[in-house]
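Student: okay, sequence plus prediction incoming.
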Amino acid sequence: MKVLVIGSGGREHALAWQCSQFDEVKHVFVAPGNAGTALENKISNIDINSENIAELISFAKEESIDITIVGPEAPLLLGIVDEFLDQGLAIFGPSKIAAQLEGSKAFCKDFLDRNDIPTAYYGVFTETKSATEYVKGKGLPIVIKADGLAAGKGVIIANTLGEAIHAITDMLEDNCFGAAGSKVVIEEFLVGEEASFIVMVDGSNILPMATSQDHKTRDNCDKGPNTGGMGAYSPAPVVSDLVFENVMENIIRPTVAAMRNEGMPYTGFLYAGLMIDDNGGVKVLEYNCRFGDPETQPIMMRLKSNLAKLCLFALNGSLDKVSANWDDRTALGVVMAANGYPGSYQKGDVISYPKASSASKVFHAGTKLESNKILSSGGRVLCATSLGSGLKDAQEKAYGLVSEVKWNGSYFRTDIGFKGLRNKE
Ligand code: AMP
Ligand code: GLY
């Protein structure tokens with residue numbers, strides 16, 4: 001089997017590495033990949049941008065790729081799945097229209113609302129005046145979101161009316177997020193603990209992936225600016241068996257059924273960002289139409305079944321015929337970012353670390369290979385991931401791995417896993 005993974009982050013390194021572990025998989029190509037994927041056995045990078053659909057199609061045809069797996073949301077929103085399928089090429093991901101669950105927050109909220117799927121109350125606005133009136137009527141704190149993709153920066157939690165008006169004006173009048181902010185969603189501020197609930201869907205059947213929890217803010221104790229994610233672990237203790245069943249029954253199954261009934265059957269990874277309250281009540285914060293980053297890294301460390309094969313089952317509509325086997329251990333990944341991220345940061349630092357073991361692996365994100373040296377080339381650079389006999393052990397091992405990375409100029413949180421450990425106490 002030949003596999004093509006699209007993207008260049010830590011998620012794509014983990015997806016490609018997982019597929020490459022199986023004898024049935026002859027080779028994995030990553031477009032465009034990073035230094036980590038370039039250095040793996042059985043994996044090679046190809047120099048095609050993840051949004052260049054025409055060239056990706058030509059490559060998949062020339063190489064007779066058996067399955068393409070899409071990492072990031074941008075090509076999905078451009079319609080890469082529709083175009084590959086039109087050409088008879090096997091690709092795992094949602095159609096352009098189904099990907100709107102992530103591409104437009106207004107689309108997502110309207111969908112959840114009309115299907116009675118639990119989520120924060122909300123309003124959608126294009127005018128500053130009506131948006132401001134809504135905030136005044138609802139009270140504070142309140143959450144203001146740019147409708148479209150804004151690289152994780154389009155969510156403002158307003159604690160004062162001034163902050164709310166500022167955010168609304170920035171988005172609607174000053175175009176600070178361009179077209180993504182020409183509409184705003186204003187919603188209830190939810191309290192609780194967040195978890196990532198990711199499943200594979202084949203249009204009808206659902207295969208849940210292991211649960212996980214991300215750490216979105218840059219600094220310890222969930223302080224500082226929001227980032228793409230500073231570390232994750234799997235499983236997430238906050239998702240008890242009871243919460244898991246509640247999510248499947250009231251959120252995931254109704255979502256998949258409604259997408260099908262509304263004529264946009266969902267195929268692909270579906271990622272529900274959840275807020276879980278103290279009583280185990282759950283609401284959808286957002287949907288993503290892809291795997292999470294960095295959640296993928298610990299989850300792929302635990303997945304014992306061949307991901308590429310699972311994707312092929314999904315494309316045949318037979319996810320009900322397979323199961324996913326998981327390593328019972330906990331996996332925890334610490335993101336090492338460039339100092340300054342998510343603001344401006346330095347690139348081109350030389351990085352080295354010891355060889356991977358069966359229980360520890362450094363996944364790459366923003367790296368490139370130059371004269372056989374690994375150089376930093378992005379904000380989130382590495383994800384040091386380890387398996388352990390529980391959360392504490394996985395945490396110790398992952399930080400042990402971090403301490404072995406030689407790189408001047410890195411920044412990382414020192415408390416990844418803290419909420420899970422608190423839950424266990
Ligand atoms: P999003 O880009 O929608 O994932 O939002 C980024 C982060 O903002 C989330 O991970 C939450 O931490 C926070 N957030 C988003 N929506 C809400 C909400 N309605 N209530 C509380 N926090 C939220
Ligand atoms: N880790 C958050 C995300 O992938 O959106």
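Tutor: Sure, I can see it. Ligands and ions are numbered 1, 2, ... in the order given.
Student: just the element for Ser305, please.
Tutor: When elements are assigned from DSSP states H and E, Ser305 belongs to no helix and no strand.
Student: how about it, what does it touch?
Tutor: Taking Cβ atoms under 8 Å, 6 or more residues apart in numbering, we find Ser305 in contact with 322-325. (C-beta placed from N, C-alpha, C; glycine too.)
Student: filter these to the buried ones?
Tutor: Applying a neighbour-count criterion of 16 or more other Cβ atoms under 10 Å, the buried members of the contacts of Ser305 are 322, 324.
Student: ok, the contacts of Ser305 vs ligand 1, which is closest?
Tutor: Nearest to ligand 1 among these is Ala324, at 24.9 Å by Cβ to the nearest ligand atom.
Student: Phe313 is in contact with that closest one, correct?
Tutor: No - counting by Cβ atoms under 8 Å, Ala324 sits too far from Phe313 to count as a contact (10.3 Å).
Student: quick check: closest non-adjacent residue to Leu101.
Tutor: Tyr287 (4.2 Å; Cβ to Cβ, 6 or more residues apart in numbering).
Student: for the stretch 201-350 of the chain, which segments are assigned as helices?
Tutor: Assigned by DSSP state H, counting those that start in this stretch, the helices in the stretch 201-350 of the chain fall at 241-247, 253-261, 296-302, 307-315.
Student: what's the helix or strand for Lys419?
Tutor: Assigned by DSSP H and E, Lys419 belongs to helix 418-424.
Student: and that helix, how far out from the chain's middle?
Tutor: Mean-position distance between helix 418-424 and its chain equals 22 Å (Cα atoms, centre = their mean, to the nearest Å).
Student: show me what it is packed against.
Tutor: The contact analysis (3 or more Cβ pairs under 8 Å, 6 or more residues apart in numbering; DSSP states H and E) places helix 418-424 against helix 391-404.
Student: touching the helix it packs on from outside, list them.
Tutor: 233, 237, 329-334, 336, 353-354, 359-360, 362, 384-388, 412, 414, 416-417, 420-421, 424.
Student: what pLDDT does Gly181 get?
Tutor: In the predicted model, Gly181 carries a pLDDT score of 72.
Student: nearest residue to it in space, please, no chain neighbours.
Tutor: Among residues not flanking Gly181 along the chain, Met171 sits closest, at 3.5 Å (Cβ to Cβ, 6+ apart).
Student: which residues touch that neighbour?
Tutor: Applying Cβ under 8 Å, 6+ apart, we find Met171 in contact with 144, 146, 154, 177, 181-182, 184.
Student: then Gly224?
Tutor: Gly224 sits next to 217-218 when contact means Cβ under 8 Å, 6+ apart.
Student: quick one: pLDDT of the closest residue to Thr367 other than its chain neighbours?
Tutor: Excluding its sequence neighbours, the residue lying closest to Thr367 (Cβ to Cβ, 6+ apart) is Ala35, at 3.9 Å. As summarised for this prediction, Ala35 has a pLDDT of 98.
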